[in-house]
Every structure is written in structure tokens, then in C-alpha cells.
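Novice: Sequence first, predicted model second:
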Amino acid sequence: MRTLALLVLSVALAGCATNPVSGSPDFVLLSENQEIELGRANDPKIRAQFGLYDDPELQAYVQRVGERLAAQSHRPDLIYRFAVLDSPDVNAFALPGGYIYITRGILAYLQSEAELAAVLGHEIGHVTARHSVKQYSAATAASVAAAIFLRTQAGQDLFNIIGNALISGYGREHELESDRLGAEYLARSGYNPNAMIEVVGVLKNQEEFEKERAKAEGREPRIYHGVFATHPSADTRLQEVVAEARRHAVTDQPRLGRDEYLKHLDGLVFGDSAKSGVRHGASFYHREMNFAVTFPEGWRVENSPSAVTAFDAGRDAVVQMRAEDLNKRGTPRDYMKTRLKLDDMKDEKPVPGIGLPSHSGIARLSTPFGRRDARVAVVFQGNRAFTFFGASKKDLSAHDPVILAVAASLHPLTAEEQRIAEGLRIRVVTAGPRDTFAGLAKRSPVTNYAESVLRLINDRFPDGEPRKGELVKIIE
């Protein structure tokens with residue numbers, strides 16, 4: 001017990017620091033230099049995982065807006081780095097030490113520079129209040145205490161401790177504090193702090209629609225962690241912290257910057273990017289790898305850096321496709337034997353109905369449904385081997401023809417498919433006197449919920465129409 005008391009006391013003494021926002025003592029186990037080093041060490045991991053969006057002008061614009069806010073923050077001496085990530089997810093987050101990220105996915109739903117500033121201000125608030133450092137310190141202290149009682153060693157990694165918070169949020173109190181700080185930084189920077197309420201409203205509408213859509217499609221929703229359970233119009237505490245921030249206003253004519261923001265947004269990639277592959281209906285197109293493949297209608301297609309995976313509506317069957325470069329001449333059957341190590345196959349045969357070199361067989365493999373028979377097919381196109389793995393929760397024979405049909409659909413892009421493989425982009429246009437979102441949706445290449453999507457990205461959800469002469473976002 002004496003050892004325990006001494007260790008707990010030493011941790012507590014080591015963790016005494018002054019909070020940059022409140023000026024009160026904080027329990028933290030990282031110095032500011034260590035905090036900055038954590039951000040510096042993990043920034044390359046974030047950039048490698050998501051990739052930076054390829055638009056230098058947009059990147060520079062976001063950096064300028066972020067620096068304007070950071071200069072008015074409680075930690076203006078930090079060098080802040082703002083980056084737009086090439087992700088369709090609707091999110092923004094910050095690493096310790098001033099590394100702040102915003103996805104192109106969330107940019108599509110914002111309406112002005114002031115709303116962009118509200119999102120960045122919220123994330124700056126997480127940095128200035130040292131929320132991630134507090135999370136790290138609390139988890140580490142708990143780990144040390146557990147180690148004392150269990151006589152084990154405690155070791156924690158940044159992403160093990162705060163990784164979920166970076167993506168999913170820090171809890172109601174810390175998120176509200178970040179909104180309060182963000183609203184204050186808005187006011188001090190010449191923006192209207194009401195932009196915090198406006199952007200939360202925009203993102204809350206997107207969240208509610210996205211949750212319903214994701215539930216219907218059997219996937220996880222893409223939503224921003226900073227949005228609370230209630231709509232901002234009914235959130236008394238949010239209204240109070242924004243009202244408090246108005247006393248920091250530096251101008252009677254706050255900056256909105258709608259036209260400036262929309263100018264930078266014109267041409268923004270919406271949804272899947274050509275670089276990672278584009279889903280369109282039941283098909284998948286990849287520009288750089290020059291291939292297209294079609295899954296059955298109604299199947300949910302998911303794209304990741306390592307594979308394209310599709311499930312049927314009941315998630316009773318799955319097909320996964322992977323691609324690898326070929327480094328040695330041979331046949332698809334040789335590839336299955338040597339590279340895939342499939343020595344014990346049955347029902348071996350070429351993929352029916354395809355003109356490319358192919359081979360397939362049934363092998364006993366680990367699948368999402370447990371270890372069972374799976375159809376494996378390999379198709380050569382150019383210098384790549386495309387491998388298809390298909391399995392069923394029930395008898396494989398019920399879905400085997402479907403799995404083989406997916407493999408047979410692989411082909412180089414046609415001229416029309418090359419256009420589709422470029423993906424969708426946001427265009428900013430001037431609304432005409434007869435324009436409606438229903439009419440704009442009919443001319444949109446968006447295949448599902450086109451009118452709702454257009455309303456959401458223009459902050460007219462669930463109703464409202466374009467006004468003659470105003471700038472509106474469409475998707476082409």
C-alpha cells in the first residue's frame with residue numbers, strides 16, 4: 001500500500017500543469033514538447049491513411065482561415081497545420097500539438113467561410129484545451145494503477161488511447177467546451193459566432209439523413225463527431241455558449257465569405273474519387289487500374305485500399321475482389337497454386353463467359369461466415385491478377401453462379417466507363433427563375449436520393465427552393 005501511495009503521488013505530481021484555457025491546474029502526464037512530438041509523430045500516419053486532397057489552392061485557403069482563428073486562440077504560439085484529407089467521410093479532427101484535419105466530405109455540406117471557420121475553430125478548441133492530452137493522461141494513470149494491482153507493465157500508444165476520440169468525439173462536456181472556444185475564436189477573428197450554431201444545424205440534418213440511409217444500406221454512417229444528440233435550435237447549452245461568445249466580437253459587420261468559399265469549392269470531388277475507384281449503381285470503376293466490374297443489383301459495394309467487397313441485401317453472401325501486380329509469367333491456375341497456396345481445390349474450371357485468361361476452383365477457407373467452402377477465381381488483365389473470393393452463409397451452390405458472374409464481368413474500361421470512373425464533382429452555378437431541387441436532381445448523375453443530397457449540400461433540407469440569382473451547388 002505504501003508503494004501504491006508513493007507511485008500515485010509521483011504520477012499526480014508529475015501531472016500538475018496549468019490549463020491554457022482556464023488557467024486552473026490540470027492533471028496531464030505530457031509536457032507541451034511531448035504533446036507536440038505526439039502530433040508530429042502521428043501526422044504522417046494520418047496523411048498516409050487518408051491522403052491529402054490534391055488542390056493546392058483549397059489547401060492554402062483552409063490554412064489561411066485556420067491561422068486567422070489560431071492567432072486569436074489561447075495558444076497562439078503553437079504553429080498550427082491544417083490539412084484537407086481526400087476522404088468522402090464527413091469529419092474533422094485534431095492531433096495534439098496543432099495538427100488539424102478536415103475532410104473534403106464535410107466541406108461539401110458547408111455554406112460559407114464562416115461555417116468553415118466554425119468547424120476549424122471547434123477543432124482548435126480541442127487543441128487549446130488539451131482534450132486529447134487529458135484523455136491520454138487519464139487512460140495512462142488508470143493503466144498505471146491497474147499495473148500496480150496486477151503487477152504487470154503498462155504501455156499505451158496514442159491511437160490505442162485517444163484514437164477513437166479523434167474520430168468519434170471526446171464526450172458531451174469536451175465537445176461543448178470546444179464549441180464555446182470555437183465560437184469565441186470566431187468572434188475574435190471577425191466572424192459571427194452564430195456560425196457555430198448554423199454549421200451544427202447543417203451537420204445535424206446531414207447526420208439524421210445519413211443515419212437513415214446507412215441503416216437502409218446496412219453500413220456505418222459517415223457523420224461528424226461534434227454534432228450533439230439534439231438539433232441546435234433545441235440545445236439550450238449550445239445557445240448559451242454562443243451567446244456568451246458575442247461579447248468578444250470585434251466588428252459590427254462580421255465576415256461571412258460565402259462567395260469566396262463557394263469559389264474554392266467549385267470542382268470539389270464528391271463521394272468516391274477516381275484515385276481510389278468509383279462506385280456507380282452496382283458497378284465499380286477504377287480509372288488508374290483501367291478496369292470495371294459489376295456486382296448483382298441490390299448488393300452493397302464497399303471499397304477499401306486493399307479490396308472491393310460486396311454483400312447481398314441480407315448479408316448472406318459476399319464477394320471480395322483483390323488485385324496484385326504480376327511479376328512472373330504463368331497461368332491463372334499457376335497463380336492460384338503458387339501465390340494463393342491453394343493446393344487442394346475442387347470443381348476447377350475457367351471462369352465461364354470471359355475472354356480473359358482465368359481459372360477458378362472451390363477451396364476450404366476462412367470467410368465472414370466462418371470456415372467453409374468458397375469459390376476462388378483468378379482473372380488476368382494486363383500485368384495484374386484479379387482474385388475473387390466468394391462465399392455464402394448457406395450452401396455455396398445457391399450463390400456460386402452469381403460469384404462466377406461477378407468474376408466474368410471484369411473488363412477494361414470503355415470510353416463511357418472512363419467518364420464514369422472520373423467520379424462526381426460539385427459545381428457552383430447561378431440559380432435560374434424556374435430552378436427547383438427536384439428539377440436539378442433529375443439532371444444529376446447521383447443515382448440515389450439525389451434531391452435530398454442537393455438539399456443537404458445547399459442547406460435547404462428538408463424543404464426550400466433555390467432563389468433566382470443565388471449561387472447553388474449541383475453535382476455533375
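Specialist: Received the coordinates, thanks.
Novice: Residue 293: what's it in contact with?
Specialist: 283, 284, 308, 321, 386, 406, 409, 410, 411 (Cβ atoms under 8 Å, 6 or more residues apart in numbering). Every C-beta, even on glycine, is put in place using the N, C-alpha and C of the backbone.
Novice: For the first one, grab phi and psi.
Specialist: What that stands for is residue 283. phi -110, psi 160 (degrees, to the nearest 10).
Novice: Likewise for the fourth one?
Specialist: Main-chain torsions, residue 321, degrees, to the nearest 10: phi -120, psi 130.
Novice: okay but it is in contact with residue 303, surely?
Specialist: No. The criterion here is Cβ atoms under 8 Å, and residue 321 misses it with residue 303 at 10.1 Å.
Novice: The two: which is more packed in?
Specialist: Between residue 321 and residue 303, counting by other Cβ atoms under 10 Å, residue 321 is the more crowded of the two (22 against 17).
Novice: Please identify the buried residues of the lengthiest strand in the chain?
Specialist: Counting residues, the longest strand found in the chain (DSSP state E) is strand 370-381. For strand 370-381, burial by neighbour count (16 or more other Cβ atoms under 10 Å) applies to 373, 374, 375, 376, 377, 378, 379, 380, 381.
Novice: need those residues in JSON lines with distance to residue 263 and pLDDT, can you?
Specialist: Below are these laid out as JSON lines (distance: Cβ to Cβ, whole Å; pLDDT from 0 to 100):
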{"residue": "373", "distance to residue 263": "56", "pLDDT": "96"}
{"residue": "374", "distance to residue 263": "51", "pLDDT": "97"}
{"residue": "375", "distance to residue 263": "51", "pLDDT": "98"}
{"residue": "376", "distance to residue 263": "50", "pLDDT": "98"}
{"residue": "377", "distance to residue 263": "48", "pLDDT": "98"}
{"residue": "378", "distance to residue 263": "48", "pLDDT": "98"}
{"residue": "379", "distance to residue 263": "45", "pLDDT": "98"}
{"residue": "380", "distance to residue 263": "46", "pLDDT": "98"}
{"residue": "381", "distance to residue 263": "41", "pLDDT": "97"}
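Novice: hang on, the earlier thing: just the buried subset of the contacts of residue 293, please.
Specialist: Buried subset of the contacts of residue 293 (neighbour count, 16+ other Cβ under 10 Å): 284, 308, 321, 386, 406, 409, 410, 411.
Novice: quick one: buried residues of the biggest helix by length in the chain?
Specialist: Longest helix of the chain, by residue count under DSSP state H: helix 194-217. Neighbour counts using 16+ other Cβ under 10 Å place 194-210, 213 of helix 194-217 among the buried residues.
Novice: Do a quick rundown of the helices in the stretch 251-400 of the chain.
Specialist: For the stretch 251-400 of the chain, the helices defined by DSSP state H, counting those that start in this stretch cover 258-265, 332-338, 400-408.
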